[in-house]
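Peer 1: here you go, sequence then predicted model.
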Amino acid sequence: MEKIHPLLDPEKQRQARLYEKEKRLLGLAGMLVSLAILLLFYFSGASGRAARIFPGKPVVFAFMLYVAAFLSALTLLSLPLDYYRGYIHEHKWKFSNQTVRGWLWEKVKAFLVSMAMAWIVLGLLLWIMALLPGLWWLVAGLAMALVSTVFATLFPVLILPLFNKYTPIQDRELTEALGNFLNKEGLKSGGFFKEDMSRQTQKENAFLAGLGKTRRVILSDNLINNMAVPEVVSVIAHEVGHYRHKHILKSILVGTAQQIVVFFGLDVVMRRVFPEFLSSTRSNLALLPIILIVMGALSGLLFGPLSMALSRRFERQSDRFALENTDDKQAFMTAMAGLANRNLANAYPARWMKILFYSHPPIGDRLIMAEEFHKT
């Protein structure tokens, strides 16, 4: 391995490479299992039978039961691998703090949230397909942008509290430092909240969640316990950079364009291979596993590396924003190195790994950028 930055722990980096390799292999296994389940659900005839239930009644009844049955099958058949990935493997690396009961309860909650969201999103998609079969791909792409914006706004107030407890941060020094920085940047926050992430894991996280009045600063208790105040400010300064550079708006616009292209490609493929596509809502419902496979393939092939490259560009811009506006290069560097050491983040992945899988620049690159940074 190349020479590592002096702030990084060589032994932790050795562990990080092994941890990442195992995580990637388990992720690949998860994709293959999901693909096998989708194919089985379709070619066994289960999808078609589920789509044809309640004949003579409004299709909404079949849709509701289909989604529940489909997600139940996907969840139950994936459960053994999910248990190994999310519980056994994370305990092996001494990250997880969960009990089996706690882990299962989180899976139940995630399943219920996924089902509610699937009813909304898939219901909207199938309705648009039935209403505008000729231009469904364009209207659906625009509709998904609206759905994404609504979910982003409601996420911190409706979804996050289902999985963790969020309490106002009591550390006055920290809240004043964060408040002063946000005020300086003209950004209002709905509050500073601590997430009880330590119930689940030893890992650390921090983010700005929500849009408009629902925007709030969220810090995991692990991060608060392990970072000095200037380091926390540098982390939040990075998140503020996303807002200042309008990355959320840009991501929605780019994502909308990509979604329209994917839906158009899906329309072309499905019309040619499956003549029953768009003939009725029940036919579309029966084809749902194939639709999901084709959409996943198109998204990955057409936009996978491109989306990762754009995300890394946004992250670099936010890093520079943090460095320019905190005037504390050392705090930024120690924060990044600390995250790498404690979260076992591989700071120096192979180039092909970075291109395919990294939505953020590797921490080794971020440390070099910080070392070379000079405020203009």
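Peer 2: Okay, I see it.
Peer 1: what helix or strand does Ser148 sit in?
Peer 2: Assigned by DSSP states H and E, Ser148 belongs to helix 136-154.
Peer 1: could I get the full set of strands for the stretch 151-300 of the chain?
Peer 2: With DSSP state E, counting those that start in this stretch as the criterion, the stretch 151-300 of the chain has strands at 166-168, 192-195, 206-209, 216-220.
Peer 1: and for Phe151, the neighbour number?
Peer 2: The tally of other residues near Phe151 (other Cβ atoms under 10 Å) stands at 14. Placement of C-beta: from N, CA and C, glycine included.
Peer 1: which residues touch it?
Peer 2: Residues touching Phe151, when contacts are defined by Cβ atoms under 8 Å, 6 or more residues apart in numbering, comprise Met117.
Peer 1: could you list the low-pLDDT ranges of the stretch 251-376 of the chain?
Peer 2: By pLDDT under 70, the weakly predicted segments of the stretch 251-376 of the chain are 375-376.
Peer 1: how does it look with 80?
Peer 2: For the stretch 251-376 of the chain, the stretches flagged by pLDDT under 80 are 374-376.
Peer 1: ok, which stretches of it are helices?
Peer 2: 281-286, 288-326, 329-343, 351-357, 363-372 (DSSP state H, counting those that start in this stretch).
Peer 1: state the mean pLDDT of the helix holding Ser148.
Peer 2: Averaging the model's pLDDT scores along helix 136-154 yields 88.
Peer 1: export it as CSV, just CAs?
Peer 2: Output in CSV follows, covering the C-alpha atoms of helix 136-154 (Å, rounded to 0.1, in the frame of the first residue of the first chain):
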residue,chain,number,x,y,z
TRP,A,136,-46.1,8.0,-19.1
TRP,A,137,-42.3,8.0,-19.0
LEU,A,138,-42.1,11.8,-19.1
VAL,A,139,-44.9,12.5,-16.7
ALA,A,140,-43.7,9.8,-14.3
GLY,A,141,-40.2,11.2,-14.3
LEU,A,142,-41.5,14.7,-13.4
ALA,A,143,-43.8,13.2,-10.7
MET,A,144,-41.0,11.3,-9.1
ALA,A,145,-39.1,14.6,-8.7
LEU,A,146,-42.1,16.0,-6.8
VAL,A,147,-42.3,12.9,-4.6
SER,A,148,-38.6,13.1,-3.8
THR,A,149,-38.9,16.7,-2.7
VAL,A,150,-41.9,15.9,-0.5
PHE,A,151,-40.1,12.9,1.1
ALA,A,152,-36.9,15.0,1.7
THR,A,153,-39.0,17.6,3.5
LEU,A,154,-40.9,15.1,5.7
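Peer 1: all numbers from here: first residue = 24
Peer 2: Shifting the count to begin at 24 puts that one at helix 159-177.
Peer 1: ok, and for stretch 159-173, which residues are buried?
Peer 2: Applying a neighbour-count criterion of 16 or more other Cβ atoms under 10 Å, one finds 159-160, 162-164, 166-168, 171 buried in stretch 159-173.
Peer 1: turn those into JSON lines, including distance to Val56.
Peer 2: What follows is the buried residues of stretch 159-173, written out as JSON lines (distance: Cβ to Cβ, whole Å):
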{"residue": "Trp159", "distance to Val56": "30"}
{"residue": "Trp160", "distance to Val56": "29"}
{"residue": "Val162", "distance to Val56": "33"}
{"residue": "Ala163", "distance to Val56": "28"}
{"residue": "Gly164", "distance to Val56": "29"}
{"residue": "Ala166", "distance to Val56": "30"}
{"residue": "Met167", "distance to Val56": "26"}
{"residue": "Ala168", "distance to Val56": "31"}
{"residue": "Ser171", "distance to Val56": "27"}
